[in-house]
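*Asks:* Everything below, folded, please.
(2 chains)
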There are 2 protein chains.
Amino acid sequence: MHEDHLTVGQLSEPQLLARIFPRLHQGPGVLLGPGDDAALVAAPDGRTLISIDTQTQDQDFRVEWNNGYRTTGFDVGWKSAAQNLSDINAMGGTATSLVVSLSMPPATPVSWVEEFADGLTAGISGLGAAECSVAGGDLGRGRELSVTVAVMGTLAGKPPVLRSGARPGDSVAVAGTVGRAAAGLALLESGMAVTGLTLEQRDLMDSQCRPWPPLAAGPLAAASGVSAMMDISDGLIRDAARLAAASNVLIDLDPGVLKSYATPLEPAAALLVADAMEWVLGGGEDHGLLATFPAGIQLPEGFTAIGSVHAVAPPGDNGVRIAGQAADTVGWDHFAD
Amino acid sequence: MHEDHLTVGQLSEPQLLARIFPRLHQGPGVLLGPGDDAALVAAPDGRTLISIDTQTQDQDFRVEWNNGYRTTGFDVGWKSAAQNLSDINAMGGTATSLVVSLSMPPATPVSWVEEFADGLTAGISGLGAAECSVAGGDLGRGRELSVTVAVMGTLAGKPPVLRSGARPGDSVAVAGTVGRAAAGLALLESGMAVTGLTLEQRDLMDSQCRPWPPLAAGPLAAASGVSAMMDISDGLIRDAARLAAASNVLIDLDPGVLKSYATPLEPAAALLVADAMEWVLGGGEDHGLLATFPAGIQLPEGFTAIGSVHAVAPPGDNGVRIAGQAADTVGWDHFAD
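*Replies:* Numbers count the residues shown, from 1 in each chain, chains lettered A, B, ... in the order given. Below is the predicted model of the structure:
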């Protein structure tokens, strides 16, 4: 049997785990790692942030995209890390550890699982979450590939940053990229063969497959006196509407800044006969941060001013405007058709 | 549209969440519950136990079994709670909170999801995990139903109980039931119509669909000086072999005690022309505890002596014997065919 063709169905669970564990980083915050019924993780200030996210084949990624690109195990591992680390970032915290549950068909190559573990490790260290370790996990069968990560984090004694703290007079700012992952998704779903794409276009695909949340920005914002914050995972307008609703305010976005996010995406939009501004307004998965800061606070490094907070909108309004005009709720809903 | 026929595909994610949240218990250990990017949970002694487990349709349960029984959302919710609470129990800890990720086809009835939430809540309170709350979660689409729970727990300052602490001369004990869930599984997978079963046989099915881990026993064992402990989730022999390997010892089981677990299962075994002892030796999913106690320690309430710990077995031995005779490794492996 060639190692290349070995599938998970040909190994026992302990054999498979023995191939995964050495690839997973374990730092000092993990007091007890894999091997028992639960792991034990440090929670230095007596509290722990916790979030959970699932990626499922054909819902959150395609094994093979229309343009011929095949999602690697490395991609899925990296994205699992990125999505979850971003949730801790959005609270102003720092990730300490994560646990992983991986469900897959028995025909899944063992090499895919090894790449997945490598991608998880590379995502954690590449994104700068050096203190975060993989504390444990679970393996199981499924008809489709599905990976769930639960991530824990610490606020180091600080209060959590909520969605509900924005007040009229605050400025609105964004950290990280906006619209790039959506442009990458459009390229992946297009009939444009991946082999014909430019480096810049492949970079956009990377933003979708291996997003780069700005993990330094969350704790920096918390230390600077941010009033509200969240992860932009389902689209700028949709997520801004959620923050506006949680804070009972109206958010007005600056069309000039929105345009500055759209301009670099214009070549890809022209290629696909698409609208770059739709990617900026509706695209999620870059996992940037949307935050509000009280007047007089200098925006921390990594944040760009993008609008302002006003008194609550009339009922029926989605709470988000662009230069005073109503902005449609565009973006991703997991169930709406 | 009749409420009875409403599917998750007909609701937005916020609408669906609004139906779930009120059904989930939130206790004092959850400092910040659902609604932000992460929850914040108390970790009173500066550490948190964490474990993660997935249940997938057609792997861990069937939507409709051979005998006609349909798995309810309540069953899946209860079992998710039970499986995960058991992992904390096995470490000698007490569960503080859990987060849930639910993936499902858009055609899933909303009532199924509501029942799932009710089952989760009922499992937590019914099993006596009064301090445990649902802190948050994630919803997504999948081709199959899949639920992943990550559970956190506290050791209240005590060291964790590991699999590796058994020593020659220790006694081996079990808490909870053994073999009942496997008997229930055999009934579910049989052609025997559920309507023709006795109350006792339906109780066995309940042990499979809504297991009852002995949550008081774990912390009690820890307080009594237990030397090693684990959850029996994949079968008594298989899990005993894991404990033996982790501790580098040999475990010898008492056939008389094993027989006392098999005897009440004999009527179901006769009905199915099966071997009750195989259920006792190979059946998991009752989520009882397997523990070892140093000589001279009185077994805490809920534990039954079932064998003894001896010096390490020769290489190649699986580390488990019954009255000195080699016991085959029988039980559940997620990938072996």
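
*Asks:* what's the spacing between residue A:121 and residue A:60?
*Replies:* Note on residue A:121: its distance to residue A:60, by Cβ to Cβ, to the nearest Å, is 20 Å. (Glycine included, C-beta is placed from N, CA and C.)

*Asks:* swap that for residue A:154, sorry
*Replies:* Here the distance between residue A:154 and residue A:60 works out to 27 Å (Cβ to Cβ).

*Asks:* One more: residue A:267?
*Replies:* Relative to residue A:60, and taking Cβ to Cβ, residue A:267 is found at 27 Å.

*Asks:* higher neighbour count, those two?
*Replies:* Between residue A:267 and residue A:60, counted using other Cβ atoms under 10 Å in any protein chain shown, residue A:60 has the larger neighbour count: 23 against 15.

*Asks:* wait, that one sits on residue B:140?
*Replies:* Yes - Residue A:60 is in contact with residue B:140 according to Cβ atoms under 8 Å; the separation is 7.3 Å.

*Asks:* Ramachandran angles for residue A:113?
*Replies:* Main-chain dihedrals, residue A:113, degrees, to the nearest 10: phi -70, psi -40.

*Asks:* wait, doesn't it sit right on residue A:106?
*Replies:* No - in this structure residue A:113 lies outside contact range of residue A:106 using Cβ under 8 Å: 11.8 Å.

*Asks:* what sits in contact with each of these two?
*Replies:* By the contact definition Cβ atoms under 8 Å, 6 or more residues apart in numbering or on different chains, residue A:113 and residue A:106 are jointly contacted by residue A:8.

*Asks:* what about the nearest residue to residue A:122 once chain neighbours are set aside, neighbour count?
*Replies:* Nearest-residue entry for residue A:122: residue A:78, 6.1 Å, with adjacent residues in sequence omitted and distances by Cβ to Cβ, 6 or more residues apart in numbering or on different chains. The number of residues packed near residue A:78 is 27, by other Cβ under 10 Å.

*Asks:* Where does residue A:187 sit, in terms of helix or strand?
*Replies:* Take DSSP states H and E as the rule and residue A:187 turns out to sit in helix A:180-189.

*Asks:* counting contacts, what elements does that helix pack onto?
*Replies:* Judged by 3 or more Cβ pairs under 8 Å, 6 or more residues apart in numbering or on different chains; DSSP states H and E, helix A:180-189 is in contact with helix A:199-209, helix A:266-272, helix A:276-282.

*Asks:* let's see it at 6 Å
*Replies:* helix A:199-209 (3 or more Cβ pairs under 6 Å, 6 or more residues apart in numbering or on different chains; DSSP states H and E).

*Asks:* could you pull out the helices for chain A?
*Replies:* A:13-20, A:73-90, A:110-126, A:180-189, A:199-209, A:217-224, A:236-247, A:255-262, A:266-272, A:276-282 (DSSP state H).

*Asks:* Output those as a markdown table; include the columns mean pLDDT.
*Replies:* Conversion of the helices of chain A to a markdown table gives the following (pLDDT from 0 to 100):
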| stretch | mean pLDDT |
| --- | --- |
| helix A:13-20 | 88 |
| helix A:73-90 | 97 |
| helix A:110-126 | 96 |
| helix A:180-189 | 95 |
| helix A:199-209 | 94 |
| helix A:217-224 | 97 |
| helix A:236-247 | 95 |
| helix A:255-262 | 96 |
| helix A:266-272 | 94 |
| helix A:276-282 | 95 |
